[in-house]
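*Asks:* Next input, structure requested:
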Amino acid sequence: MLKAAPLCSKLALIAVTLVGVSCGDTTEPTPDAETMNMEEDAGVPCGSAGAQLLVRDKADVEGCEWVRGSMHVPDWFEVTLPFGRLRRIDENLSFFRPHHLRNFRGLERLERVGEELSIRLDNSGELVALDGLESLREVGSLKIEGNSNLASLTGLSGLETVRGDVLIRDNTSLPAAQIKAFLSHVRVEGTTQVTGNEP
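*Replies:* As a prediction, the model looks like this:
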């Protein structure tokens, strides 16, 4: 009878053609403690990495605490956002022409957007403040543009870090003093572009 060690040595030479033969330790690596803790802390997930979650109805995000991809809030959305449990978005968060939004109440627990946070109404909405985003601490990049009624950035008072670029453009009711105060407490690791806002 062949001993186990010689058998494994021979099989190692032709392992690419064999299925179900194990020589040595083939235990799959387990996630490190830090990775496991991050996922546990993220809470109840929804969406998929690399995909966009289009919020068509409140049921799409009911109970969701962590979006694994991107999330887009469309133009028809109601006055109050139904994201009271949401804490983290791994990729992008975009608001494009949600005409009825006056603020972001309903996002009070959101702490992190991994990539871009984009707020754009194309000068056709009712957004006057960013209240509701006070818990936000970090974003990948930030775009606030074309919001003609936006007059305050105090809702972003908790934001500490923008890991990429900041663009604040064509918000014709947004005073320069508000922008200056906002930028004074945020660490921007990329470039900053401010243009076309209220003088």
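*Asks:* which residues does the nearest residue to residue 158 once chain neighbours are set aside contact?
*Replies:* The shortest distance from residue 158 to any non-neighbouring residue, by Cβ to Cβ, 6 or more residues apart in numbering, is to residue 134 (5.0 Å). No exception for glycine: its C-beta is placed from N, CA and C like everyone else's. Shown in contact with residue 134 (Cβ atoms under 8 Å, 6 or more residues apart in numbering): 108, 155-158.
*Asks:* Average pLDDT for stretch 74-91, rounded please.
*Replies:* On average, the pLDDT along stretch 74-91 is 77.
*Asks:* For residue 112, the count of nearby residues, please.
*Replies:* For residue 112, the tally of surrounding residues (other Cβ atoms under 10 Å) stands at 18.
*Asks:* Kindly report the same for the one 3 residues further on.
*Replies:* The burial count assigned to residue 115 is 17, neighbours taken as other Cβ under 10 Å.
*Asks:* hang on, the earlier thing: and which of the contacts of residue 134 is nearest to residue 129?
*Replies:* Closest approach between the contacts of residue 134 and residue 129, by Cβ to Cβ: residue 155, at 5.7 Å.
*Asks:* What is the neighbour count of that closest one?
*Replies:* 19.
*Asks:* Next, it: secondary structure please.
*Replies:* Per DSSP: H, G, I helix; E, B strand; the rest coil, the secondary structure class of residue 155 is helix.
*Asks:* Chain neighbours aside, what residue packs nearest to it?
*Replies:* residue 130 (3.0 Å).
*Asks:* give the contact list for that neighbour.
*Replies:* 103-104, 119, 150, 152-156.
*Asks:* Weed out the non-buried ones from those residues.
*Replies:* Using 16 or more other Cβ atoms under 10 Å as the burial test, these include 103-104, 119, 150, 152-153, 155-156 as buried.
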